[in-house]
Each structure stands twice: as structure tokens, then as C-alpha cells.
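Enquirer: any chance you could fold what I've pasted below:
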Amino acid sequence: MSRIGRQPVVIPAGVEVKVAEGNVVTVKGPKGTLERALPTEMEIKVEEGQIVVTRPNDLKRMKSLHGLTRSLIQNMVTGVSAGFTKELEVNGVGYKAAKQGKKLVLNLGYSHPVEMEDPEGLESKVEGNKITVSGISKEKVGQFAAEIRDKRRPEPYKGKGIKYADEVIRRKVGKTGKK
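Expert: Okay, here's the model as predicted:
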């Protein structure tokens, strides 16, 4: 059995879960509503304050989908109750981030500032050299954070660029002169 797929998803207080035709799961909570069409092969049941995902047989594809489906439901429930955040750090001389309304303005050593619009349902905050992206969809938060990081990836010699707060950059030794 899938170790993750076997575990039931506990529904916290204030969260409502509905499973419609074709495994369309809708999760409503204090932070908002998420809806997602999940694989139709899986059987999703809501019983006594928890969600149980079962699979029809032990084919490799079904085993893969079992854990995935359960994880997606867990992420939806966590998102509408607590939300998700990703923190990024801007490192480098003259590199800075600022917020203008719903726009994130990044000065990253290019000849022009890079402007990024907050996607719908997400919010970004800037405090000093830290950028915090938050929202209810784990997928969208992660995607937007990755897009911000891609504007100037951290380089291994001086560590300049945008990195995740928990990311460790492997540093390299620079050139040495002849003696």
C-alpha cells in the first residue's frame, strides 16, 4: 500500500469539503476556496471529519496516483486553513526589491528594473532584502517564487542573486594569480 495514500486527511474546523461527479473536489475554508479535478480512477470519500482515498487495484499507475491524490487534497485543505508562504532573499551590491501597488520591482544589475505583477490569489511583501510570497495554492506560490528566482539566479562565486531563504549555495573558489 502507498504509505502516504493510506493515511486519511483530517479536515480541520471551519473547512468544508465536497466531492462532485468526476472526482472534482471543492475545499472551502476561512482563507478562500480551491477546486481541483483529481484522477477519476481514485475513490474519494468524506467520512467523520476526514477524507479517505482508496485505489481500485495494485497497478503501478494506480499506486502512483494514490499518494498523489491524497497529497493534492492535503495541500488544498492546508491552503484554505493556514495558507502557504515562500521566502526569498535578494543578495548583492545594488540589488534590491520594492513593492509598487500590486507590482514587484526588482533592481538586479540589469540596465532596466524588472517588474512583476502579483498573480491573482497571491500576495508578495518586501521587507529589506526579503521577499515573501503567500497564497492558498501551494502550486501557484511555488511557481511564482520560482519565476522571481529565475530573474537572477544565485551565482556560486560571490553568492549574488535571488535565492530561497532555506537554500544553501555551494561556493566555488575564484581564480588565483601566478606567483
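
Enquirer: pull the residues that contact the longest helix belonging to the chain.
Expert: Criterion DSSP state H: the longest helix present in the chain is helix 60-81. With Cβ atoms under 8 Å, 6 or more residues apart in numbering as the test, helix 60-81 has contacts from 2-5, 7, 9, 11-12, 14-15, 17, 25, 27-34, 36, 38-39, 41-42, 44, 51, 53-56, 84, 135-139. No exception for glycine: its C-beta is placed from N, CA and C like everyone else's.

Enquirer: buried ones among those residues?
Expert: Among those, the ones that count as buried by 16 or more other Cβ atoms under 10 Å are 2, 5, 9, 11, 15, 17, 25, 27, 29, 31, 34, 36, 38-39, 42, 44, 51, 53, 55, 84, 135-138.

Enquirer: mind checking which of these are in strands?
Expert: Those of the buried ones among the contacts of helix 60-81 mapping onto strands are 9, 17, 25, 27, 29, 34, 36, 44, 51, 53, 84, 135, per DSSP state E.

Enquirer: lowest-pLDDT helix or strand in this structure?
Expert: helix 3-6 (a mean of 86; mean pLDDT, DSSP states H and E).

Enquirer: residues contacting that one, please?
Expert: 53, 55, 63, 66-67, 69-71.

Enquirer: so where's the protein shaky on pLDDT?
Expert: For the chain, residues meeting the criterion pLDDT under 70 lie at 1-2, 179.

Enquirer: how about the longest helix of the chain: buried residues?
Expert: 62, 65-70, 72-81.

Enquirer: quick one on the thing from earlier: so how far is the least confident helix or strand of the chain from its chain's centroid?
Expert: Distance of helix 3-6 from the chain centroid (Cα atoms, centre = their mean, to the nearest Å) equals 21 Å.

Enquirer: again, but for stretch 147-165
Expert: Using Cα atoms, centre = their mean, the offset of stretch 147-165 from its chain centre is 18 Å.

Enquirer: ok, Gly49 - how many residues close by?
Expert: Burial of Gly49 is recorded as 12 neighbouring residues (other Cβ atoms under 10 Å).

Enquirer: give me the angle between the helix or strand where Gly142 lies and helix 60-81.
Expert: Counting by DSSP states H and E, the element that carries Gly142 is helix 138-150. Calculated by axes from the mean of the first three to the mean of the last three Cα atoms, to 10 degrees, helix 138-150 forms an angle of 80 degrees with helix 60-81.

Enquirer: residues in contact with helix 138-150: which ones?
Expert: Around helix 138-150, the neighbours that count as contacts under Cβ under 8 Å, 6+ apart are 75, 78-79, 84-86, 88, 104, 106, 116, 118-119, 121-122, 124, 131, 133-135, 162-164.
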